[in-house]
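J.: Just need the structure, nothing else, for what follows:
(chains A, B, C and D)
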4 protein chains.
Amino acid sequence: MIKAGIVGGTGYTGVELLRLLALHPAVELAVITSRGEKGRRVSELFPNLRGRVDLAFVEPDNAVLKGCDVVFFATPNGTAMKSAAALLKAGVKIIDLAADFRLRRAEDWEQWYGMPHACPELLVEAVYGLPEVNRAAIRAARLIANPGCYPTAVQLGFLPLLEAGVVDPHSLIADAKSGVSGAGRKAEVGILLCEAGDNFKAYGVPAHRHLPEIRQGLTTVAGRLVDLVFVPHLTPMIRGIHATLYATLTDPDVDLQALFERRYAGEPFVDVLPPKSHPETRSVRGANQCRLAVHRPQNGKTVVVLSVIDNLVKGAAGQAVQNMNLMFGLPETAGLEQIALLP
Amino acid sequence: MIKAGIVGGTGYTGVELLRLLALHPAVELAVITSRGEKGRRVSELFPNLRGRVDLAFVEPDNAVLKGCDVVFFATPNGTAMKSAAALLKAGVKIIDLAADFRLRRAEDWEQWYGMPHACPELLVEAVYGLPEVNRAAIRAARLIANPGCYPTAVQLGFLPLLEAGVVDPHSLIADAKSGVSGAGRKAEVGILLCEAGDNFKAYGVPAHRHLPEIRQGLTTVAGRLVDLVFVPHLTPMIRGIHATLYATLTDPDVDLQALFERRYAGEPFVDVLPPKSHPETRSVRGANQCRLAVHRPQNGKTVVVLSVIDNLVKGAAGQAVQNMNLMFGLPETAGLEQIALLP
Amino acid sequence: MIKAGIVGGTGYTGVELLRLLALHPAVELAVITSRGEKGRRVSELFPNLRGRVDLAFVEPDNAVLKGCDVVFFATPNGTAMKSAAALLKAGVKIIDLAADFRLRRAEDWEQWYGMPHACPELLVEAVYGLPEVNRAAIRAARLIANPGCYPTAVQLGFLPLLEAGVVDPHSLIADAKSGVSGAGRKAEVGILLCEAGDNFKAYGVPAHRHLPEIRQGLTTVAGRLVDLVFVPHLTPMIRGIHATLYATLTDPDVDLQALFERRYAGEPFVDVLPPKSHPETRSVRGANQCRLAVHRPQNGKTVVVLSVIDNLVKGAAGQAVQNMNLMFGLPETAGLEQIALLP
Amino acid sequence: MIKAGIVGGTGYTGVELLRLLALHPAVELAVITSRGEKGRRVSELFPNLRGRVDLAFVEPDNAVLKGCDVVFFATPNGTAMKSAAALLKAGVKIIDLAADFRLRRAEDWEQWYGMPHACPELLVEAVYGLPEVNRAAIRAARLIANPGCYPTAVQLGFLPLLEAGVVDPHSLIADAKSGVSGAGRKAEVGILLCEAGDNFKAYGVPAHRHLPEIRQGLTTVAGRLVDLVFVPHLTPMIRGIHATLYATLTDPDVDLQALFERRYAGEPFVDVLPPKSHPETRSVRGANQCRLAVHRPQNGKTVVVLSVIDNLVKGAAGQAVQNMNLMFGLPETAGLEQIALLP
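T.: Have a look, this model is predicted:
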């Protein structure tokens, strides 16, 4: 059994990791930390785990974490980078669900996240944990930067187009809509039911931290600089991201449906829908799945890709488990067979 | 492997059965019927099942169903009773998720459901599928009347009090609140998002069909006639029932918390919360679980029980699978280990 | 024009007061205070008021408030009592939307609200602002204790029964359900969309601060001590309270429908629905209205009253304006003609 | 008083017209028709209107409608065109809230709406009722084609850019999100709370009927053919449209904020927010208002406009009343002073 630790398990990615790992056939939940909830039973904070997870939160402590085979950081940005070197040295593998290792250049990180990076030397080693792009590297990695939720939905949608070179890389628009759990479990007025409920709005249009992450990933697969307009929105639901992606076709004869189906043929967690489909976020609620549809309205010059994920699963905890499976040589789908909850 | 058939799988209990049975370790989904959707792939109607359930709907046909070991009826009331005798004769076990076999007396059924009963002779044999009351009988049964959603939540809450004889059986009030999926997947104006959303109302106060079912069950465990006021409400969420139960104590010295914990000590799917708790419906979302809390406000004469279930799981499909497990000698929890989805 | 001030206008009762007063034909909005938002334009915090309310928040200051004819306190409990004496002395009328003057006995207040009362001598003078009970006294009052939201819905539902003496005053149960705005505009995890959305739960079953207020009001109209079990619930919607009320009939021959219709015949803001009705909270969304229906299920001994209000209007700001109208000799309905927003 | 009639008042635009007209100072509600609900009181179907609208539905009958000064058609597409000629001849003004008179060319209408047009000769006379573009023509009109909800939000957002000629008219993308009430009050499975709730999806990407309407309007103001990709989405809320609009700038030096503020300087119902703003749909809930913000992310070549309206008010009934006010020489804001309901 793989001994797993979770640092900072009081947020939504934390409880989601617990839900998935508690039923994972090859994992033993060894330790979960939280400074604020130290001593409290996990199932008291998250009543869905009563009778299933019999742990209590403990103070974060590298000595304890070093006894784990893998440690997941479900912490705010800037936390994992402080412990990573010590844990790696002790032979512990790390999967960071925050942003600490997502940007390759420390100066980019410092600009977008507003603090100096604590271990820039590890940025070279860290592998960006998008298995559909980096599977081999993930298998060999000690340190995974688990992608953001928007970046997962947006990159999986644009990938086939950019790899095939059939769109203008300077024409990309990502109009993305997220459920409110993407904002985390924080005491903030803006995400109260009475503020975010029965309401729809864009936010972060001037700049959002997921922009450089997406741009970096798309630039890599395109093999040249891409230009991206990224507009995130808050939609009044709990889970789910819907990314509506636009790009200008440079090859008017490409068979888009075939291109997408071919690209994702072997992928266990990416599902290309039939032509003229409209994926729904609820079709992936609670499941480690991305569903895609590709359109070319009025047979014009613009391709439209619709991409949905559950932000807490394929956009966070599920993808982290998928990465863990790869790192430990387990079947990639182990512990990730949940079927989406519908309705 | 147990060959399972589903009759009428286009509603919410149908898709929930599919979700549970598709991952059940001892079940093979053999057939699913629907007159209206004949020929259509199940995963086209329910996109969460893409890649997981590879069946298409077929016309209902007893010849085909007779090849099953068990048939679930996820049909409107009045359907199962027409095929039950033939299937039982062919050695098929039946679990009816509708109301056809819930009331013991045919005349009650006819009064409340407004049609003659097609096989009143089977009412004697049918076992009411509430495992916490009828476990032994369910193990031996060929024909199960799977309880209604409200009746499950209400009976599990009142049971310990009535069995122990510590409340006045003429003082029972069940104020119950249901998510909208309890009304089914039907094209009706009243359950549109714009009618039922951001809205709360009672309904069926003069009379609701679950009243005689609850009264019959409680009368049986009390060993004497009970009197019940039952007021159902529609609450703007998808899944979940919250029953708030009131009764007048006749024994002021009873330790209510101990009584409830003792009664449900061995039950895998009933969870008694610590004193002063308030169970949330989301703590059972997608899980085959009932969570209960018992209160005595101001140490007065009234006991208040709070009972939550997911109406589609412990209130329908999950309980049906639990019954199937018992009928086929499987571990009672097989295929029912899902952890509730929170948030 | 009546010069009106609002103290503490950054919560939901504050913005609702602004919405109503901005269109009131006889009111001039003179001042609105907030320590935290000092200097900020009101319409920046509440974008629905852009172009309609041209005020900025100012520091609370009695000197400024003394220039008003009436001051509304939309503040946390314990605030109004500190300024009331000074303002009254200056000839300003006061309507407190918090609880400071709701309980007649200072010791009750101190027990339930956990702090000493700053001006117990004013408790005698304060008039409980439920116009359907205290209209004449309100007209003559200088200081109004505006009722709580639950107390308004519950008292209006029980009133006709207790005044007529047709129910056992020791049998009262109020099972109440509130939209989340009842909890205010506060940065708290429990009322996040991802916590309170798609979820239903009871809270405060052991004790809730509205219990003594309701009990005091009902005891007064009954002319004898009443016994009440009060169970509040949180329902996943923004506005609205639905109170489901139970009492044991002592007069089996009373015509309940006629009793309710007669009691509220002249009331502009209480609407008795026809027999067998189920009022919906959305039928009063945004309107200063209470809608009631009365039932006697199975012609039994229990009467069931269904009572709905918008907790922010008839349960707070609308009732406050209604009280102001009475205090200043205006038509009681002035500025309160809004029709509920449906859907 | 203007005598107003409503044909087909059982849908959401119908009840919204009733809400607005019931409080309009210059209107007398004379008649409301519905074949299906004939004889039923309006307030029985829409309980928010109890005590406010004392009409019953009558059979549609031109003889009765001819007694009106203005008739609103809140009917399915293809209805108004059958009665328009007769009513106009009788001197009745007509405002059609459906699509019958929105497209100038009968062949376009027939292609997109799939039926022959009953009175193509009236298409020339009909005025497209977007006051911000056609105010003078509306004042003189007898027959108004009230714009669709998406077209209102999209056109008001693109207008300043196209009139000023600062964007490439072939680069337009409208990514629009609508609350579910936009789909109407119809018994359809797809808009049930359990289907559309806690879910987000695009629809109609290959083609949506509002596309030709938008394209026609934008082409007119641009003075040349425009190219538009239009992707509508369903978002789990009741009211509101949020259009996120993209266009490629051709004039990199234009001051976008000033352009928008200047264009809408005198408009009573269009509000340009300060730079870097993100309008929320709830800021216009129930109000006849469009709120706009304009962005240029990363100072790049793409302009992003955010446009919100209440689809039932500025997107339907409110705009219809605005048009009526213009047609009858009333103040344009008469009866439209409602402040949005927030929260």
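
J.: From here on, just use CA atoms for contacts and neighbour counts.
T.: OK.

J.: Without its sequence neighbours, what residue ends up closest to A:His24?
T.: A:Gly335 (4.4 Å; C-alpha to C-alpha, 6 or more residues apart in numbering or on different chains).

J.: Next secondary structure after the one helix or strand A:Ala174 maps to?
T.: Element membership of A:Ala174 [criterion: DSSP states H and E] is strand A:172-178. Beyond strand A:172-178 on the C-terminal side, the first helix or strand identified by DSSP H and E is helix A:193-196.

J.: Moving C-terminal from that next one, which element do we reach first?
T.: Downstream of helix A:193-196, the first helix or strand assigned by DSSP H and E is strand A:201-202.

J.: and that following strand with chain C, contact?
T.: No: for strand A:201-202, no contact with chain C is found by C-alpha under 8 Å from any C-alpha of the partner chain; the gap never falls below 12.6 Å.

J.: Can you pull out the residues in contact with that strand?
T.: Strand A:201-202 has contacts (C-alpha atoms under 8 Å, 6 or more residues apart in numbering or on different chains) with A:Val231, A:Pro232, A:His233, A:Leu234, A:Thr235, D:His242, D:His278, D:Pro279, D:Glu280, D:Thr281, D:Leu306.

J.: mind redoing it with 7 Å?
T.: A:Val231, A:Pro232, A:His233, A:Leu234, D:His278, D:Pro279, D:Glu280, D:Thr281 (C-alpha atoms under 7 Å, 6 or more residues apart in numbering or on different chains).

J.: sorry, back to before: what's the strand holding A:Ala174 packed up against?
T.: Packing contacts for strand A:172-178, counted by 3 or more C-alpha pairs under 7 Å, 6 or more residues apart in numbering or on different chains; DSSP states H and E, involve strand A:228-234, strand A:241-248.

J.: Give me the buried stretch members for the lowest-mean-pLDDT helix or strand in chain A, please.
T.: In chain A, the helix or strand scored least confidently by mean pLDDT, DSSP states H and E is helix A:62-65, which has a mean of 93. For helix A:62-65, a neighbour-count test (16 or more other C-alpha atoms under 10 Å in any protein chain shown) marks A:Leu65 as buried.

J.: Report the beta-bridge partners for A:Glu280.
T.: A:Glu280 forms beta bridges with D:Lys201, as assigned by DSSP bridges.

J.: Now for it: which residues touch it?
T.: A:Val308, D:Asn199, D:Phe200, D:Lys201.

J.: Check what pLDDT the closest residue to A:Ala126 other than its chain neighbours gets.
T.: Using C-alpha to C-alpha, 6+ apart and skipping residues adjacent in sequence, the residue nearest A:Ala126 is A:Leu143, 5.0 Å away. pLDDT recorded at A:Leu143 is 98.

J.: related to what we said a few turns ago, pull the most distant pair out of the contacts of strand A:201-202.
T.: A:Val231 and D:Thr281 (16.4 Å; C-alpha to C-alpha).

J.: of the contacts of A:Glu280, closest to D:Asn288?
T.: For the contacts of A:Glu280, the closest approach to D:Asn288 (C-alpha to C-alpha) belongs to D:Phe200, at 25.8 Å.

J.: Which parts of chain A are strands?
T.: Listed in chain order, the strands of chain A (DSSP state E) span residues A:2-7, A:27-33, A:70-73, A:93-96, A:127-128, A:143-145, A:172-178, A:201-202, A:228-234, A:241-248, A:270-272, A:290-295, A:302-309.

J.: Is the last one in proximity to chain B?
T.: No: for strand A:302-309 and chain B, the contact criterion (C-alpha under 7 Å from any C-alpha of the partner chain) is not met; the two come no nearer than 11.8 Å.

J.: Can you give the distance from that strand to the centre of its chain?
T.: 17 Å (C-alpha atoms, centre = their mean, to the nearest Å).

J.: contact partners of it?
T.: Contacts to strand A:302-309, defined as C-alpha under 7 Å, 6+ apart, come from residues A:153, A:157, A:240-249, A:279-281, A:284, A:289-296, A:315.
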